[in-house]
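compute the structure for the input listed below.
(one chain, ligands or ions: 1)
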Amino acid sequence: MNQLFNIKDKCYALSGGTGTLGGSIATYLVENGAKVILLGRSANKLDVKCDELNTINDGFATSFLVDVLNEEELIAVKNKIADKHEKLDGLINLAGGNVPGATLTEGQTILDLKLEDTKKVIEINLYGTVIPTVVLSEMMAKQGHGSIINISSMASKQAISRVLGYSVAKAGVDIFTKWMANEMASKFNNTIRVNAIAPGFFIGNQNKRLLTDEDGSYTVRGERIIANTPMGRFGQASELNGMVHYLLCEASSFVTGGIFEVDGGFSSFSGV
Ligand SMILES: NC(=O)c1ccc[n+]([C@@H]2O[C@H](COP(=O)([O-])OP(=O)(O)OC[C@H]3O[C@@H](n4cnc5c(N)ncnc54)[C@H](O)[C@@H]3O)[C@@H](O)[C@H]2O)c1
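Okay, the predicted model is just below:
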């Protein structure tokens with residue numbers, strides 16, 4: 001069997017693995033023979049998703065109740081993963097997203113910015129990636145291999161109106177990805193890789209109201225995004241699977257510190 005793309009019996013932890021994108025990725029991984037460890041804040045959602053995944057491949061999904069901003073909880077989870085699974089082949093940091101109060105409404109300006117909500121959105125999107133990565137990468141440092149995938153955004157490299165805190169946080173995720181890639185390869189083991197995926201626009205629970213009206217038609221913002229996406233549509237969650245698979249497996253063995261757009265061309269289009 002070709003080992004280049006093999007992910008069978010590998011063990012991957014996913015934060016946000018019960019969300020729109022994380023849930024889809026978790027299903028894909030289990031369907032393709034990998035084991036997943038879901039990290040999340042809702043026991044009920046974790047149970048439901050784990051049951052769904054174990055129906056696909058019995059015993060391939062486990063979960064831990066953990067807030068990714070809580071270092072102590074994460075250390076306890078790391079110890080349990082080490083006991084139960086012995087190794088951790090990868091980590092995908094999907095916990096994040098916007099905080100409603102941190103999004104300016106139509107017509108508001110920077111002068112209306114709610115600083116407390118802005119801090120919260122920076123905390124979850126930046127530290128919610130930094131803390132689990134720092135804690136769980138210790139396992140990879142000890143075992144001498146691993147692949148970490150962070151989730152960036154179209155908002156990290158260009159100003160996208162109304163979402164300042166989210167943009168600042170995702171720009172932080174980009175440089176953290178590069179920094180961590182250097183650190184792991186040069187000081188621990190050059191088979192430990194750290195990359196990020198920058199998804200374009202995928203309709204999920206968080207951005208549904210920003211992009212679509214109640215009748216399902218696109219908002220003005222939704223229409224503008226489509227007009228600036230050469231492929232002329234939003235992404236489907238399953239369209240992240242190929243990039244996730246590639247970054248996790250041996251096929252990307254010389255790839256680290258990269259930020260990979262999966263965006264229907266949005267980031268490469270000037271709008272003209
Ligand atoms: N949907 C998109 O178009 C899009 C585009 C670019 C980037 N992203 C990013 O992709 C990731 C997933 O987005 P999604 O659309 O699936 O969102 P989602 O809201 O469906 O999933 C996010 C998950 O993170 C979890 N989470 C939040 N805070 C947490 C915490 N403190 N501890 C543990 N879990 C926590 C939530 O409970 C939820 O399950 C996010 O980082 C988001 O910013 C999404």
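
which residues touch the closest residue to the ligand within the stretch 51-200 of the chain?
Nearest residue of the stretch 51-200 of the chain to the ligand (Cβ to the nearest ligand atom) works out as residue 96 at 2.6 Å. C-beta coordinates here come from the backbone N, C-alpha and C atoms, glycine included. The contact partners of residue 96, by Cβ atoms under 8 Å, 6 or more residues apart in numbering, come to 16, 124, 125, 128, 129, 151, 169.

nearest residue to it other than its sequence neighbours?
Among residues not flanking residue 96 along the chain, residue 125 sits closest, at 4.3 Å (Cβ to Cβ, 6 or more residues apart in numbering).

next up, the contacts around that neighbour.
So residue 125 contacts 96, 97, 165, 166, 169, 170, 172, 173 (Cβ under 8 Å, 6+ apart).

is the ligand within reach of the helix or strand where residue 261 lies?
Using DSSP states H and E, the element containing residue 261 is strand 259-262. No: figure legend: strand 259-262 not in contact with the ligand (Cβ under 6 Å from any ligand atom); closest approach 9.2 Å.

tell me the domain ranges of this protein?
Under automatic domain parsing, the residue ranges defining each domain of the chain are 11-200+238-261, 206-234.

hey, which of these is tucked in deepest?
Sort those by mean neighbour count, taking mean count of other Cβ atoms under 10 Å, and domain 11-200+238-261 sits at the top with a mean of 19.

and that one, how far out from the chain middle?
4 Å (Cα atoms, centre = their mean, to the nearest Å).

does any part of the worst-scoring helix or strand of the chain on mean pLDDT sit near the ligand?
Lowest by mean pLDDT, DSSP states H and E among the helices and strands of the chain is helix 208-211, with a mean of 86. No: using Cβ under 6 Å from any ligand atom, helix 208-211 stays clear of the ligand, with a minimum separation of 8.4 Å.

what does that helix rub up against?
Against helix 208-211 from outside (Cβ under 8 Å, 6+ apart): 103, 201, 203, 218, 219, 221, 222, 225, 234.

what's the pLDDT at the nearest residue to the third one once chain neighbours are set aside?
Residue nearest to residue 203 in three dimensions, not counting chain neighbours: residue 234, with 5.3 Å by Cβ to Cβ, 6+ apart. At residue 234 the predicted local confidence, pLDDT, stands at 96.

circling back to that earlier point, tell me if I am right that the residue of the stretch 51-200 of the chain closest to the ligand is in a helix.
No: assessed with DSSP: H, G, I helix; E, B strand; the rest coil, residue 96 is coil; it does not lie in a helix.

immediately after the least confident helix or strand of the chain, which helix or strand?
Taking DSSP H and E, what comes next after helix 208-211 is helix 220-227.

ok, that next one near the ligand or not?
No: using Cβ under 6 Å from any ligand atom, helix 220-227 stays clear of the ligand, coming no nearer than 9.8 Å.

show me what that helix is packed against.
Applying 3 or more Cβ pairs under 8 Å, 6 or more residues apart in numbering; DSSP states H and E, we find helix 220-227 packed against helix 208-211.

roughly how far is the helix it packs on from the heart of the chain?
Its chain's C-alpha centre and that of helix 208-211 lie 20 Å apart, by Cα atoms, centre = their mean.

okay, the nearest residue to residue 241 once chain neighbours are set aside: pLDDT?
The spatially closest residue to residue 241, leaving aside those adjacent along the chain, is residue 28, at 4.4 Å (Cβ to Cβ, 6+ apart). Here, the pLDDT recorded for residue 28 equals 98.
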